[in-house]
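In: sequence first, predicted model second:
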Amino acid sequence: MSDPDEPKPDGGTASQPEGESPELEDHPLEWDEPENNDLAPDERASVSRPAQKDDDPKLVTGQAKYTADYETQFPDLARAAVVRSEILHGYVTDIDASAAEEMDGVHAVLTPWSEGTPDAKYTSAGQSYPEPSPWDMTVLNEHVRYVGDPIAAVAAEDAETARAAAESIEVEYEEAEYVLDPEAAHSEDAPRLFEEDEVENEIVGHDYSRNRMAHIEGEIGDVEDAVAREDVHVHETEWETIRQSHAQIEPHTTLAYTDEDDRHVLVTSTQVPNHTRRQLAHLFDVPIRDVRVSKPRVGGGFGGKQAMVVEPIPLALSIAADRPVLYEATREEEFHAMRSRHPMTVRARTAVTEDGSIEAIDLYALSNTGAYGSHGMTVAGNVGSKPMPLYSKVPNARFEADIVHTNTPQTGAMRGYGAPQGTLALEGHLDEVARDLDLDPVEFRQRHYMEVGDLDEIAGMMGGEGAERRIRSCGLDECIERGKDAIGWDDVEQPDEDHLHRGIGMALSAQGTGVAGDELGAAQLMMNEDGSFHLHVGGVDIGTGADTAFIQIAAEVLGCDEEDIVIKSSDTDVTPFDYGAYASSTTYISGMAVKKAAEDAKERILYWGSKLLEEPESNLDTGDGTVYSEETGASVSLEEIGYEAAYGHDEREHILGKGTHCTEESPPPFAAQFADVTVDEETGEFEVTELVVAVDCGVAINPGMAEGQVEGANHMSYEMAVSEGITFDDEGRSEVRGFDDYDWPTAAETPTIESILVETHEPTGPFGAKSVAEVPTNTVPPALSNAIREAVGVRITEMPITAEKINAALEDDG
């Protein structure tokens, strides 16, 4: 590879090296970036400023509307309840719903055999088309595969009646053998969850005779050859992760009705309105045009609503009852019948020379996808494709995964999407290797990790030809240095008590920004007569502040105040198409669509400004609510332009702008995590006093919101490190029924989290932005494991980290 020119001081882009190497022709370092995309800090009027979150006033005054708030608009609204399987595995042989059907106030009862119950196969995964997940689900199930599988549904005049009717329904089962452990499930003699005719759209590497939903693998170089060399040390470790709940404040909620045009309308708490519309059209065998999906405020998503989890049931009930139906999941249902993070076993192996050169990295993941395969293959793929590319200078790399069904609740998308599991294994493993070889753990990583100009081939090793990516922005060095300074890396004072030991651990992480070659965002901008604007976007704000970021991007281009832009998002009848909020794509993909729409409108604004100022458009720009001349200083307000365009005498125009964006790029954000812990060697008890995470997210469109994302993600990561997650009794039933049962750190139990934003410039992103919301979710478990190893010399590889595990390891070590 040719060496790039020196990067910019901010760690951003580098210029095109000389030469015509094939690597640079296919993946050029230089990017054809619009001139207005790279603004110095003092040139920015709106982006990279702490603008107030657009929906803050509505949230703090209680005026923001969530899905359930729309029930007051429907006087004939019915409420829904669902009957769920009480066995782990088997077949429903009979359902007696007569008592429910005879209850006063009951409007509809559906079973798997009802005429109004869709019987098509589908996946609940909110992914692009065709979905990279198997169609292995039905709306109501005759073959049940976990405690919580939906069997029947009721619509009644109120929630109490619906619940009573559901409880009156009697279900008879023919029970079958079940399997809860993924290792056991993958054996040839395990109980089988799916027959061949029960799955459509089967995924690569499936083998349902062994409960394997998919098998994936990829390799660059020759790992086995590197491992066999005589001059290397081969290190192997194994890591276990928890089944983590999204624990959103707002449960899954959907209101469904049929409008006066006989079209199906859903108001629903979702991250993927357009994917949901497409999937509902498939299930109910209607044209896409006859389904409308509207997303109001969302009380938390985190990936749990990147799926069509509940929407088919209230729609089917609404059609059967001929009235609007609202379904709001109970908190118990959220924990045992919705979605969770995939629990995994990840095995890491490396070949390293005596002087610390990593010759090979080999990861294997066994992923428990639960009863169904929603997001199973793509999440498992990210276990390798997110953390491994961080070490782009390693010549040999391999990743392999088996995704296995068990009779446990199905898993799905969750913040980080496989990267937390892989990062734990790789960053914990590399720390152990460094200690074995008496190497500095930071310098050991720095020898091998990405820098500007590198061609990341590891990211493409499972993606086929052309899936590699060029690194055009990287702030890892600054993240590490600022994180070390903040945590006091070089000045660790030990406690006075002999039995207490303090240690600081670190871990690195890379993520992605959208899904390369598999995203689409669109936006439309309309100028009003008074110079204000309406911005319509398909991009989905799930509480992250995306709407605010979109407004800031548009305001930067248009040269107007944020207050002059009214935003409408995520209504499939009104707003443009967008894949939805997932894969850290919203600001990068949808935000670039907004920028293009604003630029499209700006062209027409400058045209009208030229007419009014009688100067060429090349002299003009926008700013401070005006079009002004850079030559003469003359200006005209956007209001004057708006009225002239709408009501002019010789010419009239409604100024509109539209933008669509998709890309083959997925630039990685980076994070350096540090954890400060004190451990009692006599009991294993430990106290985490501080977490510091420094993140390179390119240019933060709104730094305050970005810091909030970092701190929220780091808390979720801390939960993964120290909490039990969703646990089950010996019969496979969830032991978590509500927040009181869910073991997660409260505010009082959470250490100080310091977030540091390291600015680089990503030329492929809007105004230099890349993603921020997922990368800090990956790093606390390995950093804490590494800190405990530093403090007392024992390694905890099974999450959660507990005093009991530390104490047992100390006793074994002692």
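Out: Thanks, I have it.
In: report the contact partners of Asp119.
Out: Contacts for Asp119 (C-beta atoms under 8 Å, 6 or more residues apart in numbering) come out as Pro112, Thr138, Val139. Any C-beta I mention is one placed from the backbone N, CA and C, and that applies to glycine too.
In: end-to-end on stretch 389-409?
Out: 31 Å (C-alpha to C-alpha, to the nearest Å).
In: how distant is that stretch from the center of its chain?
Out: Stretch 389-409 has its C-alpha centroid displaced from the chain centroid by 18 Å (C-alpha atoms, centre = their mean, to the nearest Å).
In: what of stretch 412-423?
Out: 8 Å.
In: tell me the mean pLDDT for that stretch?
Out: In this model, stretch 412-423 has an average pLDDT of 98.
In: next, give phi and psi for His264.
Out: Per-residue torsions, His264: phi -90, psi 130 (degrees, to the nearest 10).
In: pretty sure it sits against Arg289.
Out: No: taking contacts as C-beta atoms under 8 Å, His264 lies outside contact range of Arg289: 10.7 Å.
In: between the two, who's got more neighbours?
Out: His264 (20 against 11; other C-beta atoms under 10 Å).
In: show me what contacts that one?
Out: Per C-beta under 8 Å, 6+ apart, neighbours of His264: Ala256, Tyr257, Thr258, Leu280, Phe284, Val286, Asp290, Val291, Arg292, Leu315, Ser318, Ile319.
In: could you verify my assumption that the fifth one touches Ala320?
Out: No: in terms of C-beta under 8 Å, Phe284 does not count as a neighbour of Ala320; the distance is 11.9 Å.
In: just checking: what are the partner strands of the helix or strand where Ala155 lies?
Out: Counting by DSSP states H and E, the element that carries Ala155 is strand 150-156. Within its sheet, strand 150-156 is paired with strand 78-84 (antiparallel), strand 106-110 (antiparallel), according to DSSP bridges.
In: now the ones you listed as TSV including distance to Val309 and mean pLDDT?
Out: Output for these, formatted as TSV (distance: least, C-beta to C-beta, whole Å; pLDDT from 0 to 100):
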stretch	distance to Val309	mean pLDDT
strand 78-84	11	98
strand 106-110	17	98
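In: I figured Met249 was touching Gly299, is that so?
Out: One thing to correct before we go on: residue 249 is Ile, not Met. Yes: shown here, Ile249 and Gly299 form a contact pair, counting by C-beta under 8 Å, at 4.7 Å.
In: which of those two has more neighbours?
Out: In this view Ile249 and Gly299 are compared by other C-beta under 10 Å, and Gly299 has more residues nearby, 18 against 10.
In: and this protein, what are its domains?
Out: What automatic domain parsing lists as the domains of the chain is 56-63+520-661, 70-178+247-336, 475-514+667-814.
In: CSV for the ones you listed, including distance to Asn407?
Out: Formatted as CSV, these follow (distance: least, C-beta to C-beta, whole Å):
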stretch, distance to Asn407
domain 56-63+520-661, 27
domain 70-178+247-336, 4
domain 475-514+667-814, 6
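In: nearest to Val452, of the ones you listed?
Out: domain 475-514+667-814 (8.7 Å; C-beta to C-beta).
In: could you list the low-confidence segments of this protein?
Out: 1-24, 463-466 (pLDDT under 70).
In: and if we set it to 50?
Out: Filtered on pLDDT under 50, the chain yields the residue ranges 1-20.
In: so where's the longest helix in it?
Out: Ranked by residue count under DSSP state H, the longest helix found in the chain is helix 591-613.
In: hmm, who's touching the helix or strand just after that one?
Out: Next in sequence after helix 591-613, counting helices and strands by DSSP H and E, comes strand 620-623. Residues outside strand 620-623 that contact it (C-beta under 8 Å, 6+ apart) are 45, 557-560, 602, 605-606, 609-610, 613, 627-630, 638.
In: repeat that with 7 Å
Out: Contact with strand 620-623 is made by Ala45, Leu558, Gly559, Lys602, Ile605, Leu606, Gly609, Ser610, Val627, Tyr628, Ser629, Glu630, as judged by C-beta atoms under 7 Å, 6 or more residues apart in numbering.
In: distance of the second one relative to Ile655?
Out: Yep, that's Leu558 we're talking about. Remark: distance between Leu558 and Ile655 (C-beta to C-beta, to the nearest Å) = 11 Å.
In: cool, the fifth one as well?
Out: Plainly put, Ile605 is 6 Å away from Ile655 if you go by C-beta to C-beta.
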